[in-house]
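**Student:** Structural data only, the sequence is not supplied:
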């Protein structure tokens, strides 16, 4: 094990940043089903997640992440993941393809 990164705060972001609309297009192509992004309000998003039975604490975290993304604070791209892993991270396309059974 490499202890080089122990006790460090790392901003691990992949090599690409996608909008929700771009992710919908990528998922549509890979999964073969139409995926759309409706841009719900934070209130509607929270209400829908709670109605789906997701625990309130987790929904709160999801709302905060959704808000951060909506404000454009998730556009940063770094090479930290590659440095920590010692190789390029998987692409989101490969991840979706390899795990498509969980998306359908």
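**Tutor:** Structure's in. What do you need? This is a predicted model, so every value here is computed, not measured.
**Student:** mind listing what's buried in the helix or strand harbouring residue 44?
**Tutor:** For residue 44, the host element (DSSP states H and E) is helix 42-51. Along helix 42-51, these residues count as buried under the neighbour rule (16 or more other C-beta atoms under 10 Å): 45-46, 49. Every C-beta, even on glycine, is put in place using the N, C-alpha and C of the backbone.
**Student:** likewise stretch 65-72?
**Tutor:** residue 66.
**Student:** From here on, call the first residue 219.
**Tutor:** Right, with 219 as the first residue, what we last looked at is stretch 283-290.
**Student:** Just the mean pLDDT for it, thanks.
**Tutor:** The average pLDDT within stretch 283-290 is 81.
**Student:** Need the contact partners of it.
**Tutor:** Residues outside stretch 283-290 that contact it (C-beta atoms under 8 Å, 6 or more residues apart in numbering): 238, 260, 263, 292.
**Student:** And the helix holding residue 262, what does it pack against?
**Tutor:** helix 274-288 (3 or more C-beta pairs under 8 Å, 6 or more residues apart in numbering; DSSP states H and E).
**Student:** Let me know the next secondary structure element after the helix it packs on.
**Tutor:** By DSSP H and E, the next helix or strand past helix 274-288 is helix 298-303.
**Student:** Following element in sequence after that following helix, please.
**Tutor:** As assigned by DSSP H and E, the chain's next helix or strand after helix 298-303 is helix 310-316.
**Student:** Same question for the helix or strand of the chain with the lowest mean pLDDT: list its buried residues.
**Tutor:** In the chain, the helix or strand scored least confidently by mean pLDDT, DSSP states H and E is helix 298-303, which has a mean of 87. Buried residues in helix 298-303, defined by neighbour count with 16+ other C-beta under 10 Å: 298-299.
**Student:** Residue 267 contacts residue 275, doesn't it?
**Tutor:** No - the pair residue 267 / residue 275 is not scored as a contact, 11.4 Å apart, by C-beta atoms under 8 Å.
**Student:** residues in contact with the helix holding residue 262?
**Tutor:** 258, 274, 277, 280-281, 284-285, 288.
**Student:** Over to stretch 230-245?
**Tutor:** By C-beta under 8 Å, 6+ apart, stretch 230-245 touches 253-255, 257, 287, 292-300, 302, 306-307, 309-311, 314, 321.
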